[in-house]
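Undergrad: When you get a sec, could you give me coordinates for this:
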Amino acid sequence: MKVLVTGGAGYIGSVVAEELLQAGHQAVVFDNLSRGHRQAVPKNAELVVGDLANRDCLDQLLRSRAIDAVMHFAALIEAGESMKAPEEFFRNNTANALTLLEAMLAARVKRFVFSSTAALFGDPERTPIEEDDPVHPTNAYGESKLLVERILAWFHQIHGLRYASLRYFNAAGASRPDKGEAHQPETHLIPRILEVALGRAEHVNIFGTDYPTPDGTCIRDYIHVSDLARAHLLALEAIENSSPLIYNLGNGQGFSVRQVVEVARKVTGHPIPVIESPRRAGDPAVLIASSEKIRRDLGWQPRFPDLKTIVESAWQWHRTQPDGYGRH
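TA: Predicted structure coming up:
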């Protein structure tokens, strides 16, 4: 298939684009490079620089490249920032996704794989979280993604859109020593911890130490980016025969912030000082996935479920590429 990968110059999208190419598909990356990096785009993928808000550009692209399917990663992802400027997240994540879906409809492209989030669940009623558990986001980021899922359900019902929605827990690690996580600003825990080990920061902040967890800090489910990418290819193939597909993607085990810091200390040999700070708005105490459904339905199995392995791969990337991809 010829697959359009929106946000394909970003952390997860670029790894998925590479997996597509290795599986024999063609990948067309569409990215405005506001958060992505040209250097992250696989060499054999075509890069089209453009913005999802530009409907004319999307119309021309979908038709001229004869696109068969779309995998949508382009989004703002900082949950904390979404509680300061929710309008930016609804514009970028929700409205732009609708523009993309309208363009797909006009071009008769009927396959869509959506990068969703565990933030849909808010403070879950139970863990591990299953796909049919109640969704009630506690931040605008999660709400912006939930609105897209609701749009997808209506497009499936009315227009016959075949789609998969993959709800990530915490993506982490690096697929190769020269291909890893490079957000500006960086808000994800593991890269922020490793910046301390690199001497680029004096300490790491722990936001909230009074959560109802064993050590008082948030617990999250970390999943290696390569495992995430393989799940997207399985979903793309599966929507030919079954749609909609909604899956959680995680390892099914949680680690607290303090535990992640301790693993990073062992991996890097650095003391990694911490400073305890107040909670951030909208942060649930515990997010752990049940991924039994995608394991059962599609045969997906994480190849890198161990947190130490995930941190080691991230450390190799950050140590060998301390400036990330440099400038855009």
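Undergrad: going forward, measure contacts between C-alpha atoms and count neighbours the same way
TA: OK.
Undergrad: secondary structure class for residue 18?
TA: Following DSSP: H, G, I helix; E, B strand; the rest coil, residue 18 is assigned to helix.
Undergrad: mind listing what the nearest residue in space to residue 164 that is not next to it in sequence touches?
TA: Distance criterion C-alpha to C-alpha, 6 or more residues apart in numbering; nearest residue to residue 164, sequence neighbours excluded, is residue 245 at 4.4 Å. If a contact means C-alpha atoms under 8 Å, 6 or more residues apart in numbering, then residue 245 has 163-165, 235, 239 as its contacts.
Undergrad: List only those of the residues you listed flagged as buried.
TA: Buried subset of the contacts of residue 245 (neighbour count, 16 or more other C-alpha atoms under 10 Å): 163-165, 235, 239.
Undergrad: what ranges do the helices span in the stretch 51-200 of the chain?
TA: Taking DSSP state H, counting those that start in this stretch to define them, one finds helices in the stretch 51-200 of the chain at 55-64, 79-82, 86-89, 96-107, 140-159, 189-197.
Undergrad: on contacts alone, who are the packing partners of the second one?
TA: Using 3 or more C-alpha pairs under 8 Å, 6 or more residues apart in numbering; DSSP states H and E as the contact criterion, the elements in contact with helix 79-82 are helix 140-159.
Undergrad: now the helix it packs on: mean pLDDT?
TA: In this model, helix 140-159 carries a mean pLDDT of 98.
Undergrad: Now do the phi/psi pair for the residue nearest to residue 164.
TA: Dihedral pair for residue 245: phi -120, psi 130, per degrees, to the nearest 10.
Undergrad: All the strands of the protein, in order from the start?
TA: Along the chain, the segments classed as strands by DSSP state E run 2-6, 26-31, 46-49, 69-72, 111-117, 162-168, 170-172, 204-207, 219-220, 222-224, 245-249, 255-256, 274-277, 286-287.
Undergrad: between those strands, which gets nearest to residue 146?
TA: With C-alpha to C-alpha as the criterion, residue 146 lies closest to strand 111-117 of the strands of the chain, at 7.9 Å.
Undergrad: What is the closest one packed up against?
TA: In terms of contacts (3+ C-alpha pairs under 8 Å, 6+ apart), strand 111-117 is packed against strand 69-72, helix 140-159, strand 162-168, helix 225-238.
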